[in-house]
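Participant: Quick check, what structure comes out for this input:
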Amino acid sequence: MLPIIASRLLNWQDGQSAGPWRLMVFPTYRCNLKCGICVRSWQETHPMLLHELPDERWLRLVDEAAAMGVRVLKIGGGGEPMLRDKMVCEMCVRVKKHGMAGSLQTNGTHLSADSMETLIRARWDDVTISIDAPTEEINDAIRNKGVFSKTVGALQTLRGLKKKHQSKLPNVAIHTTVTALNYDCLEDMVDFSLANGVDMFSASPLLEAGLEETGYIMSAAQRADLPRFLNAAMEKADAHNLLHNLN
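Facilitator: Below you'll find the predicted structure:
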């Protein structure tokens, strides 16, 4: 892979045409949740963002990406991509037929067993599911009531289907946005990952713009205390060979 990337860079430097290596797409800006940590929950969504490309155009875009030499296609969330689950699954199958690597970001609440079966059969590479705490009380205070049970249920179903098909793919990651409500739960999130067959635990800071009055932004004291919780989580993850991005 590295020689191919290097070759592309050299061609680009010489003025030759070179397509992108990685492409991230957002099939929809609609979402079934109203998470407190999402600025869209506090600000009006511009109607333009809700105009969606038709299914056929998205599928054609996958073909065009492959023709341009894209090697990694990420299906992400301006909203929840699995609100268009049939089309997204068709995209995933087409991505793999073109020999590209693929990843999917989802909140997990619309990840059906049928969709999981499709991803497994297609040998889809990575699925990242958003979970913001190891307990229903904290997670649902950040996301929505009832979300924790649905998301954990999806995680367990996916684990069971992978075992049924004797498949290591897709690799499963969980993603946590670090806030004032969960910054001290990082080590517990490592335990949660290990208990639920997760391959990687990732975390990222809260995008704070527009959330100043919501109670999710860490205080100065919490920020000062955060490294202690990060270090404990990293030590545990490393001790159990759990991939992470906490460093």
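Participant: contacts and neighbour counts: CA atoms only from here.
Facilitator: Fine.
Participant: Quick check: the gap between residue 99 and residue 162.
Facilitator: Distance of residue 99 to residue 162, given as Cα to Cα, to the nearest Å: 21 Å.
Participant: So for the two, which residue has more residues nearby?
Facilitator: It is residue 162, of residue 99 and residue 162, that has more neighbours when counted by other Cα atoms under 10 Å, with 19 against 12.
Participant: Dihedrals phi and psi, residue 212?
Facilitator: phi -60, psi -30 (degrees, to the nearest 10).
Participant: try residue 126
Facilitator: phi -140, psi 140.
Participant: Use 15 as the first number from now on
Facilitator: In the new count, where the first residue is 15, that last one comes out as residue 140.
Participant: so who does it touch?
Facilitator: For residue 140, the contacting residues are 116-118, 183-187, by Cα atoms under 8 Å, 6 or more residues apart in numbering.
Participant: buried residues in the one helix or strand residue 104 maps to?
Facilitator: Per DSSP states H and E, residue 104 falls inside helix 99-111. Going by neighbour count (16 or more other Cα atoms under 10 Å), the buried part of helix 99-111 is 99, 101-110.
Participant: could I get the residues you listed as TSV with distance to residue 217 and pLDDT?
Facilitator: Shown next, in TSV, are the buried residues of helix 99-111 (distance: Cα to Cα, whole Å; pLDDT from 0 to 100):
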residue	distance to residue 217	pLDDT
99	25	96
101	28	97
102	25	97
103	26	98
104	29	98
105	27	98
106	25	98
107	28	98
108	30	98
109	27	98
110	27	98
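Participant: could I get the residues you listed as TSV with distance to residue 163?
Facilitator: TSV is the format used below for those (distance: Cα to Cα, whole Å):
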residue	distance to residue 163
99	20
101	26
102	24
103	24
104	27
105	28
106	26
107	28
108	31
109	31
110	31
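Participant: what's the closest of these to residue 87?
Facilitator: Set against residue 87, the nearest of these by Cα to Cα is residue 109 (7.4 Å).
Participant: Which residue, other than its chain neighbours, is closest to that closest one?
Facilitator: Among residues not flanking residue 109 along the chain, residue 76 sits closest, at 6.4 Å (Cα to Cα, 6 or more residues apart in numbering).
Participant: quick one: secondary structure of the one you found?
Facilitator: The three-state assignment at residue 76 reads helix, by DSSP: H, G, I helix; E, B strand; the rest coil.
Participant: now it: how far from residue 87?
Facilitator: Between residue 76 and residue 87 the distance, using Cα to Cα, works out to 8 Å.
Participant: which residues of the protein score low on pLDDT?
Facilitator: 15, 53, 55-56 (pLDDT under 70).
Participant: if we can go back for a sec, I'd guessed the residue nearest to residue 109 sits against residue 108; true?
Facilitator: Yes - with contact defined as Cα atoms under 8 Å, residue 76 reaches residue 108; the gap is 7.1 Å.
Participant: ok, the most centrally placed residue in the chain - contacts?
Facilitator: Central residue of the chain (Cα atoms, centre = their mean): residue 119, 2.9 Å from the mean position. Contact analysis of residue 119 by Cα under 8 Å, 6+ apart lists 88-91, 95, 141-144.
Participant: repeat that with 6 Å
Facilitator: Residue 119 is in contact with 90, 142, counting by Cα atoms under 6 Å, 6 or more residues apart in numbering.
Participant: which SSE is it in?
Facilitator: Per DSSP H and E: strand 115-120 holds residue 119.
Participant: List the pairing partners of the biggest strand by length in the chain within its sheet, with orientation.
Facilitator: Criterion DSSP state E: the longest strand present in the chain is strand 185-192. Strand 185-192 has the following sheet partners, assigned by DSSP bridges: strand 140-144 (parallel), strand 214-219 (parallel).
Participant: Just say which of those is most tucked in.
Facilitator: strand 140-144 (a mean of 22; mean count of other Cα atoms under 10 Å).
Participant: Would you mind writing the CA trace of that strand as PDB?
Facilitator: What follows is strand 140-144 as a C-alpha-only set of coordinates in PDB (Å, rounded to 0.1, in the frame of the first residue of the first chain):
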ATOM      1  CA  ASP A 140     -14.900  -1.800   9.600                       C
ATOM      2  CA  VAL A 141     -18.000  -0.800  11.500                       C
ATOM      3  CA  THR A 142     -17.800   1.900  14.100                       C
ATOM      4  CA  ILE A 143     -20.800   2.200  16.600                       C
ATOM      5  CA  SER A 144     -21.200   5.300  18.700                       C
END
